[in-house]
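Visitor: Fold the following for me, if possible:
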Amino acid sequence: MSVYIPITPSDRAGMLERIGVQSEAVLFEDIPEKIRLKEGLDLGKPMSEHELMKELGALAAKNAPASCRPCFLGAGAYDRLIPSVIRHMTSRSEFYTAYTPYQPEISQGTLQAIFEFQTMIASLTGMDVANASMYDGASACAEAVIMAARQTRRGRVLVSETLHPDTRRVIDTYARFNSIEPVSVPAKQGVTDMEALSSLVGDDVCGVVVQSPNFFGLIEDAAAAADITHGKGALYIAYTSDALSLAVLKSPGASGADIAVGEGQSFGIPMCYGGPWLGFMAVKAPLMRKLPGRIVGQSVDMDGKRSFVLTLQAREQHIRREKATSNICSNQGLNALSATIYLSLLGADGLKEAAKRSMDGARYLKAQLEAAGFKALYSGPFFDEFAFALPGDTARAEAALQAAGYVGGLALDGLLPAADAAGDGLGAMLVCVTEKRTREELDGFVSALRAAY
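Guide: This is a model prediction of the structure:
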């Protein structure tokens, strides 16, 4: 495709004549008059192609990509090492042009990749079966809530206050149009308050959603939450924001989860301005037929050779629309392939090594910050993220880190539970240390913060 394709007035006139329309205004009649643009966009004077590319280049140069400076942001987006072979493999035309296997018997390569992805996710989560059709972690979590409501025929869901706030908002949106009432479970010392959870779980609750490690980086007592949930016949939904944690922490299945969902961006997928990424979902066997999307299974063909098939298809193209659980489609395929290649390359030992380096780095940074006079907000166990208090406003810390060449952590202004909120003029920051961060970068981060205050 050409970089620049001009459309002349005569071209537009010809197009309108071809479709039988007198003017462009007719094409916008369905848009209410009050929200239409009344005047042209202020784009400045016309430019030549060279001038335009130069202008756009100057604007792009103002960006500070994480690839060019040490990044300490986390909170759902993780700057991890990505082997170059992933880009090499996924750039092959047979992969990046693959679409939903509507004729699965002739899409064996696509089906095998999906099958391997499902198998690895089921193993990591400790669940019986995984699907392959979730858009991202947040929508996967919302789909799990809907699944729990359908399975139990109950209309309330309890959502921990320590769940990622963006995921909570997605759940609220999905619930609004599915007659489900989300109820927040308060936090205590940065983790879900189990006493509050026990008092809120009733016979009308379809499920309980808890994230571990949670939004503040802390590891939740998932087994205790699951026991409380099951005591009232509800389903326990375990959410994982950083999938690499599954390599070293007790799996959701081993902790009593009925549904395990999460975001797989940590498995070889760039941050990419927040997407596209891939969500994952895995369940215990009794919920298998409630899974949205599709499940690929392994079989043999008429000659006895190994083959792959779409075992369960809960999409509206395959079954009656009123019985379909989801219309989620092929959006995830390329990202699921990236994750499959990543998991295959690292293997169990490689995943543990990447997770251990992240954990060791985070603990070193926490110790250095405390030695410099900064106080951690919480004392509970964590994976590779933690929150700490600032002696002044967060903007001051962010400016100092940026000036020193770092992407700082996430400002927690307005995101902390009421009991943990900083006082007037004080701030807090959530930082993440991945396996990419060096000891020199960690020391430099602390020095920049110390200089700011």
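
Visitor: so where is the stretch 301-450 of the chain shaky, pLDDT-wise?
Guide: For the stretch 301-450 of the chain, the stretches with pLDDT under 70 are 313-331, 422-425.

Visitor: What segments of it are strands?
Guide: Using DSSP state E, counting those that start in this stretch, the strands found in the stretch 301-450 of the chain span residues 306-313, 385-390, 410-411, 427-432.

Visitor: what angle sits between the longest helix along the chain and strand 385-390?
Guide: Scanning the chain for the longest helix, with DSSP state H as the assignment, gives helix 333-371. Going by axes from the mean of the first three to the mean of the last three Cα atoms, to 10 degrees, helix 333-371 is angled at 40 degrees with respect to strand 385-390.

Visitor: List the buried residues of helix 333-371.
Guide: If you call a residue buried by 16 or more other Cβ atoms under 10 Å, then helix 333-371 has these buried ones: 333-343, 346, 351, 354-355, 357-359, 361-362, 364-366, 368-369. (Each C-beta comes from the backbone N, C-alpha and C, glycine too.)

Visitor: For that helix, name the packing helices and strands.
Guide: helix 84-90, helix 93-96, helix 108-125, strand 385-390, strand 427-432, helix 439-452 (3 or more Cβ pairs under 8 Å, 6 or more residues apart in numbering; DSSP states H and E).

Visitor: can you list contacts of the shortest one?
Guide: Contacts of helix 93-96 with the rest of the structure, by Cβ atoms under 8 Å, 6 or more residues apart in numbering, involve Met89, Thr90, Gly109, Ala113, Leu334, Leu337.

Visitor: do the fifth one as well
Guide: Surrounding strand 427-432, the residues in contact under the criterion Cβ under 8 Å, 6+ apart are 72-75, 78, 215-217, 362, 365, 377, 384-390, 392-397, 408-413, 416, 422, 445.

Visitor: mind redoing it with 7 Å?
Guide: Outside strand 427-432, the residues within contact range by Cβ atoms under 7 Å, 6 or more residues apart in numbering are 72-75, 78, 216-217, 365, 377, 384-390, 392-394, 397, 408-413, 416, 422.

Visitor: what about the helices in the protein?
Guide: Applying DSSP H to the chain gives helices spanning 9-19, 49-60, 84-90, 93-96, 108-125, 137-152, 165-176, 194-200, 222-230, 333-371, 394-403, 439-452.

Visitor: could you dump those helices to TSV with distance to Val431?
Guide: Formatted as TSV, these follow (distance: least, Cβ to Cβ, whole Å):
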stretch	distance to Val431
helix 9-19	53
helix 49-60	27
helix 84-90	26
helix 93-96	35
helix 108-125	25
helix 137-152	20
helix 165-176	17
helix 194-200	27
helix 222-230	24
helix 333-371	7
helix 394-403	10
helix 439-452	8
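
Visitor: Looking at those, which one is packed in the most?
Guide: helix 137-152 (a mean of 25; mean count of other Cβ atoms under 10 Å).

Visitor: Which secondary structure elements does that helix sit against?
Guide: helix 165-176, strand 205-211, strand 235-240, strand 259-263, strand 279-283 (3 or more Cβ pairs under 7 Å, 6 or more residues apart in numbering; DSSP states H and E).

Visitor: Give me the packing partners of the third one, helices and strands only.
Guide: So that's strand 235-240. helix 137-152, strand 205-211, helix 222-230, strand 259-263.

Visitor: Dump these to CSV, plus distance to Tyr239.
Guide: Putting the helices and strands packed on strand 235-240 into CSV (distance: least, Cβ to Cβ, whole Å) gives the following:
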stretch, distance to Tyr239
helix 137-152, 5
strand 205-211, 4
helix 222-230, 10
strand 259-263, 6
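
Visitor: Reformat these into JSON lines and put mean pLDDT and distance to Thr240 next to each item.
Guide: Converted to JSON lines, the helices and strands packed on strand 235-240 look like this (pLDDT from 0 to 100; distance: least, Cβ to Cβ, whole Å):
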{"stretch": "helix 137-152", "mean pLDDT": "95", "distance to Thr240": "8"}
{"stretch": "strand 205-211", "mean pLDDT": "98", "distance to Thr240": "7"}
{"stretch": "helix 222-230", "mean pLDDT": "98", "distance to Thr240": "10"}
{"stretch": "strand 259-263", "mean pLDDT": "97", "distance to Thr240": "3"}
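
Visitor: can you tell me which of those comes nearest to Thr162?
Guide: Thr162 lies closest to strand 205-211 among those, at 6.2 Å (Cβ to Cβ).

Visitor: Just the angle for the closest one relative to helix 165-176, thanks.
Guide: Using the same axes, to 10 degrees: strand 205-211 against helix 165-176 is 160 degrees.

Visitor: in its sheet, what does strand 205-211 sit against?
Guide: Next to strand 205-211 in the sheet, as set by DSSP bridges, lie strand 156-160 (parallel), strand 235-240 (parallel).

Visitor: Give me the residues contacting that strand.
Guide: Contacts for strand 205-211 (Cβ under 7 Å, 6+ apart): 141, 145, 148-149, 152, 154-160, 162-164, 192, 197, 201, 220, 222, 225, 229, 232, 234-239, 241.

Visitor: Tell me which residues touch Lys366, please.
Guide: Lys366 neighbours (Cβ under 7 Å, 6+ apart): Ala376, Phe386.

Visitor: now what about stretch 375-389, what contacts it?
Guide: 74, 189-191, 213, 216-219, 242, 245, 249, 358-359, 362, 366, 369-370, 374, 412, 420, 422, 426, 428-434.

Visitor: Name the residues of it that come out as buried.
Guide: Ala376, Leu377, Tyr378, Gly380, Phe382, Phe383, Asp384, Glu385, Phe386, Ala387, Phe388, Ala389.

Visitor: mind putting these in TSV, distance to Asp258 included?
Guide: Formatted as TSV, the buried residues of stretch 375-389 follow (distance: Cβ to Cβ, whole Å):
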residue	distance to Asp258
Ala376	33
Leu377	31
Tyr378	28
Gly380	25
Phe382	25
Phe383	23
Asp384	27
Glu385	26
Phe386	29
Ala387	29
Phe388	35
Ala389	37
